[in-house]
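Q: no sequence on this one, just coordinates:
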C-alpha cells in the first residue's frame, strides 16, 4: 500500500496464485512476466514452476514508483 492506494494483490487458487498490480498495464514489462488487461496486470505463479524473481521484483518496483508518483502529483 502507498497511502490508501493498493498497488498489488495476491489471489490464491488450488493450482496457482496470481500477484496483481492495479493501474500498470501501460508500464513497461520487458521480461513479459505479466498478463495485461485494460488497467491491470497479473503474474501467475505455479507450485514447482520456476518464477522469474528478478522480473517480478522489477515489476513490483515499477508499480510502486508509478502509484507513488500518481498520488504525490495528483
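A: Looks like it arrived, so ask away. Quick caveat: nothing in here was measured; it's all calculated off a predicted structure.

Q: which stretches of the protein form helices?
A: Remark: helices assigned in the chain by DSSP state H are 53-72.

Q: In it, what helix or strand scores lowest on average pLDDT?
A: Least confident helix or strand of the chain, by mean pLDDT, DSSP states H and E, is strand 35-36 with a mean of 58.

Q: Just give me the neighbour total for residue 43.
A: 20 (other Cβ atoms under 10 Å). Where C-beta positions appear, they are placed from N, C-alpha and C, glycine not excepted.

Q: for this protein, which spans come out with low pLDDT?
A: 1-7, 23-39 (pLDDT under 70).

Q: How many residues are close by the nearest residue to residue 17 once chain neighbours are set aside?
A: Sequence neighbours aside, residue 45 is the residue nearest to residue 17 in space, at 4.9 Å (criterion: Cβ to Cβ, 6 or more residues apart in numbering). Counted with other Cβ under 10 Å, the neighbours of residue 45 add up to 14.

Q: separation between residue 45 and residue 18?
A: From residue 45 over to residue 18 the distance is 8 Å, taken as Cβ to Cβ, to the nearest Å.

Q: just residue 55 next, same as before
A: Taking Cβ to Cβ, one finds residue 55 at 15 Å from residue 18.
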